[in-house]
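Enquirer: Model the following, please.
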Amino acid sequence: MIDIDERSITRAVLKAQAGTGNARLKEVMDSLVRHLHDFAREVQLTEAEWSLGIDFLTRVGKITDDKRQEFILLSDVLGLSTLVTAQSHRRPAGCTEATVFGPFFVSGAPEIENGGDIANGACGEPCFVRGSVRGLGGEPIAGASIDVWQSDDEGCYDVQRADLDHAQGRGRLRSLADGSYHFRSIVAVPYSIPHDGPVGQLLQHTGRHPWRPAHLHFMIQAPGYETLITHVFRSGGEYLESDAVFGVRSTLIADWPRHEAGVAADGTPMATPYHSLTYDFVLNPVAPR
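Expert: As a prediction, this is how the structure comes out:
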């Protein structure tokens, strides 16, 4: 096709990729081309703006490595991660809601026994976490794999600390026979997402802050149930209404009461004040085929 103009270019690209063998790939690529071209026409995108956009994405790629995923961060702050999560994990009422994965999950977290300490030296006030994992029908789920990860009291995840040679603030445990779980950690605090790169510059230019409310990350897996990726947020904290990555759900907000020195719920003597969190997870059964 020759003599292409600003209108006929869309038809030309769609025609060029008409032979795409994978039907789903064709559906996605055709829609992407149509929306991308319509966007450029709607805003009358200039060559200078196009060049800035290419440079921005190039910088996002260059700063991304095995410890920092700037593309996920970009998806998060644009709300795309939450949109994809919401439409991919529609669950019946009563199931724990899913939310964004975030860029700081690390596979192969240390295995701990129930009652173990995932903080592993991370700074922060002690916190005891407990709850249960059940199915939608109320049945206890034994042996569910529970990955948990969080930042320390300074708002950093272990992978953000270049001088750290072991995991902190993360671990994996399994629910007990009655579906219960419990572990020790540190109390969650608000923290800012990494904003020293291109995504941070985007937030600054659009008048937004980089802060996230205090939370713990969870990923729970069990045979016969859908995998749950979610957070539990600390009630009464800052940024619940303005989470930089749009991850908060009211059903995921819980109390984290502070206790004076004494004996914790699991029988641990505490010489200093500590916090506690109780949260029960409900998993959605996998639909029979």
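Enquirer: hey, where'd the strands end up in the stretch 151-289 of the chain?
Expert: 170-174, 180-186, 191-192, 211-212, 215-221, 228-234, 253-254, 258-259, 262-263, 269-270, 274-278, 281-283 (DSSP state E, counting those that start in this stretch).
Enquirer: Mean confidence (pLDDT) on the third one, please.
Expert: If I follow you right, that is strand 191-192. Throughout strand 191-192, pLDDT has a mean value of 94.
Enquirer: Same question for the fifth one.
Expert: Strand 215-221 shows a mean pLDDT of 97.
Enquirer: what's the angle between that strand and strand 274-278?
Expert: Relative orientation of strand 215-221 and strand 274-278, computed by axes from the mean of the first three to the mean of the last three CA atoms, to 10 degrees: 40 degrees.
Enquirer: Next, the buried residues of strand 215-221.
Expert: Of all the residues in strand 215-221, those buried under the rule 16 or more other CB atoms under 10 Å are H215, L216, H217, F218, M219, I220. C-beta coordinates here come from the backbone N, C-alpha and C atoms, glycine included.
Enquirer: which residues pair with the third one across the strands?
Expert: Read it as H217. Residues in a beta bridge with H217, per DSSP bridges, are W149, H231.
Enquirer: who touches it in this structure?
Expert: H217 makes contacts with G102, F104, F105, D147, V148, W149, Q150, T230, H231, as judged by CB atoms under 8 Å, 6 or more residues apart in numbering.
Enquirer: got the contact list for the host helix or strand of L74?
Expert: Assessed by DSSP states H and E, L74 sits inside helix 70-77. Contacts to helix 70-77, defined as CB under 8 Å, 6+ apart, come from residues 60-61, 63-64, 81-82, 100-103, 193-194, 197-199, 202-203, 208, 244-247.
Enquirer: Pretty sure A122 sits in a helix.
Expert: No. Secondary structure of A122 (DSSP: H, G, I helix; E, B strand; the rest coil): coil, not part of a helix.
Enquirer: hang on, isn't it packed against G169?
Expert: Yes. Using CB atoms under 8 Å, A122 is in contact with G169, at 4.6 Å.
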